[in-house]
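1. Provided below for reference: sequence and predicted model.
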Amino acid sequence: MALLIGAIIGAVLGLTGAGGSIFAVPLLILLLGLSPVDAMGIALGAVAASAMLGAIRQRHLVLWTPALLLAIGGMLAAPVGKWLALQFDEQWLMAGFIAIALFIGTRMFAQALRHPELATYVRAGAPGPAVPQEALLCRLSPTGQFQLKPRCLSGLISGGVLVGLASGLFGVGGGFLIVPLLLGLSRLPMSRAVATSLAVITLISASGFASHIVLSGMGDSRLLLQVLAAAIVGMLLSQSLGRRLAGPWLQLMFAALLILVAAYLCLRTFI
């Protein structure tokens, strides 16, 4: 079961660029009986490992300077989020996680229906909707790099802080926030936004995972290694098969499954 959960983490992350830990946390709780805190810690470790592999394989698409700026804010905030998570009752923590999962699921579902062409963005590199450069915080140079002016720098670092807090607090990698953030700040092609998000997820999740070990301990190291190994295999397979698999129906399936899992977790936790 741990291998299956790890494979799902890597597959979802590889096909969508986000959402691996959102699936992992409820599955670890429901199928393996872990506490929310332990499940979130293992999910962060698995997401960090698989995202690192994905970023390496797509390194030619990664914008490293914005990725590092986002990651700096996130790595500083992730330990704070982890500390906050330990201050909350587990039911309140689960309520926040369920709300995020439902939000992501409904957003993915709506996007697949309204903009099905973007569901293949991981491989096709479809551009985002045209936005006037004047309306964006980060303008792109003729070579496609960010022009790092003060407004752009503040947007990247503050966005990273938000992602880091969510990562530490709820055990999520933050890809569901990073991709929209990058597209909201600039006119990046979707493929570059996803590749850059994988680099950011790697660093922020690693920071959150390290904070988990320091504040909560390693936990079951054998289980962790099983999930990590399977997540890496899932990432490799999904990136190899992505051109044939990625599409609106797959995204609709992921979204519907996430909504169902979150709803069941809600019933189990509060009823």
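-> That came in fine, so what should we check first?

2. Could you list the single helix or strand in this structure with the lowest mean pLDDT?
-> Lowest on mean pLDDT, DSSP states H and E among the helices and strands of the chain sits helix 121-124, with a mean of 40.

3. For the helix or strand just after it, what is the distance to the chain centroid?
-> Per DSSP states H and E, the first helix or strand lying C-terminal to helix 121-124 is helix 150-170. How far helix 150-170 lies from its chain's middle: 14 Å, per Cα atoms, centre = their mean, to the nearest Å.

4. how about helix 150-170: buried residues?
-> Neighbour counts over helix 150-170 (16 or more other Cβ atoms under 10 Å) mark 152, 155-157, 159-170 as buried. Just so you know, the C-beta spots here come from the backbone N, C-alpha and C atoms, and that holds for glycine as well.

5. mean confidence for whichever helix or strand comes after it?
-> As assigned by DSSP H and E, the chain's next helix or strand after helix 150-170 is helix 175-185. On average, the pLDDT along helix 175-185 is 79.

6. before we move on, what about stretch 209-219?
-> Stretch 209-219 shows a mean pLDDT of 82.

7. Find the centremost residue of the chain, please.
-> Taking Cα atoms, centre = their mean, the centroid of the chain lies closest to G175, which sits 2.8 Å from it.

8. So it versus L267, what's the distance?
-> Separation of G175 from L267 (Cβ to Cβ, to the nearest Å) stands at 27 Å.

9. same check, this time on A199
-> Distance of A199 to L267, computed by Cβ to Cβ: 37 Å.

10. Same check on L44?
-> Going from L44 to L267 by Cβ to Cβ gives 25 Å.

11. When these two are compared, which one has more neighbours?
-> Each of L44 and L267 has its neighbours counted (other Cβ atoms under 10 Å); L44 has more, 32 against 9.

12. That one and P79, how far apart?
-> Taking Cβ to Cβ, one finds L44 at 12 Å from P79.

13. go on, L27?
-> Here the criterion is Cβ to Cβ. By it, L27 lies 25 Å from P79.

14. buried sites along stretch 55-66?
-> Of all the residues in stretch 55-66, those buried under the rule 16+ other Cβ under 10 Å are A55, R57, Q58, L61, V62, L63, P66.

15. Out of those, which two sit at the greatest distance?
-> For those, the maximum inter-member distance is 19.2 Å, found between R57 and P66 (Cβ to Cβ).

16. for the stretch 1-150 of the chain, what spans make up the helices?
-> 2-16, 20-32, 36-57, 64-87, 90-114, 121-124, 150-170 (DSSP state H, counting those that start in this stretch).

17. I'd like those helices as JSON lines, with distance to Q251 appended.
-> Listed next are the helices of the stretch 1-150 of the chain as JSON lines, based on distance: least, Cβ to Cβ, whole Å:
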{"stretch": "helix 2-16", "distance to Q251": "7"}
{"stretch": "helix 20-32", "distance to Q251": "13"}
{"stretch": "helix 36-57", "distance to Q251": "17"}
{"stretch": "helix 64-87", "distance to Q251": "24"}
{"stretch": "helix 90-114", "distance to Q251": "4"}
{"stretch": "helix 121-124", "distance to Q251": "10"}
{"stretch": "helix 150-170", "distance to Q251": "21"}
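
18. Tally up the residues packed near the residue lying closest to L93 once chain neighbours are set aside, please.
-> The shortest distance from L93 to any non-neighbouring residue, by Cβ to Cβ, 6 or more residues apart in numbering, is to P36 (5.5 Å). When neighbours are defined as other Cβ under 10 Å, P36 has 22 of them.

19. quick one: pLDDT of P36?
-> 83.
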